[in-house]
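# The following block contains a protein sequence and its predicted model.
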Amino acid sequence: HTPHSIGHSAVLCLLTLICFGASRSGYAGLAAVELVFAALVLLAWSCRLPPRLQGLHWGWTDFTRCLIGAVLFLITSLIVIVGHRDGVFGILAGVLLGYDAFITLPTRQAHTAAPTGPAEGFWG
């Protein structure tokens, strides 16, 4: 997982915070908390803490952050939509955080890509 995608999560949380705050729905706290968590993980990556803190598995930490954020954004947005308010950005944030959780799943990180160079053997 790279700091670049964590930065995208932070920007998405900031936009969701602005949209929830503008609608006066009272659910802006969730976006603010997720923004703070994303900023802390981004700060840890930019300070190069993962190699220094070997006891903490950073892949699972980021996956858990994304998964919890996705579930909470989806639940909160559905509550907002049921109350006849606009919760589309919250659903978008939930879906994108869910996708981020999927691509950061540490068990997926162990797989390597297939070689793309010229093959030797039958065709070469």
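Alright, I've got the coordinates.
# quick one: the closest residue to S77 other than its chain neighbours from L105, how far?
Among residues not flanking S77 along the chain, G90 sits closest, at 3.2 Å (CB to CB, 6 or more residues apart in numbering). All C-beta spots, glycine's among them, are computed from the backbone N, C-alpha and C. According to CB to CB, to the nearest Å, G90 and L105 sit 23 Å apart.
# who's more crowded, these two?
G90 (28 against 17; other CB atoms under 10 Å).
# distance of that one from G55?
Taking CB to CB, one finds G90 at 34 Å from G55.
# cool, and V88?
For V88, the distance to G55 - CB to CB - is 40 Å.
# Of the two, give the one with the bigger neighbour count.
Neighbours were counted for V88 and for G55 using other CB under 10 Å; V88 has more, 11 against 4.
# that older thread, the residue nearest to S77 touches V80, doesn't it?
Yes: G90 lies in contact with V80 (CB atoms under 8 Å); the separation is 6.4 Å.
# Next, the residues that contact the helix or strand hosting D100 from outside, please.
Per DSSP states H and E, D100 falls inside helix 88-104. For helix 88-104, contacts defined as CB atoms under 8 Å, 6 or more residues apart in numbering pick out 1, 5, 8-9, 12-13, 15-16, 19-20, 27, 31, 34, 59, 62-63, 66-67, 69-74, 76-78, 80-81, 108.
# so what does the lengthiest helix in the chain touch, helix or strand wise?
Using DSSP state H to assign secondary structure, the helix with the most residues in the chain is helix 58-82. Helix 58-82 sits against helix 3-22, helix 28-46, helix 88-104, helix 106-109, with contacts defined as 3 or more CB pairs under 8 Å, 6 or more residues apart in numbering; DSSP states H and E.
# Pull out the buried residues from it.
For helix 58-82, burial by neighbour count (16 or more other CB atoms under 10 Å) applies to 58-59, 61-63, 65-67, 69-70, 72-74, 76-77, 80.
# next one: stretch 30-49
L30, A31, A32, E34, L35, F37, A38, A39, V41, L42, A44, W45.
# Format those residues as a markdown table; extra columns: distance to D100.
What follows is these, written out as a markdown table (distance: CB to CB, whole Å):
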| residue | distance to D100 |
| --- | --- |
| L30 | 16 |
| A31 | 15 |
| A32 | 18 |
| E34 | 11 |
| L35 | 14 |
| F37 | 13 |
| A38 | 10 |
| A39 | 15 |
| V41 | 11 |
| L42 | 13 |
| A44 | 16 |
| W45 | 14 |
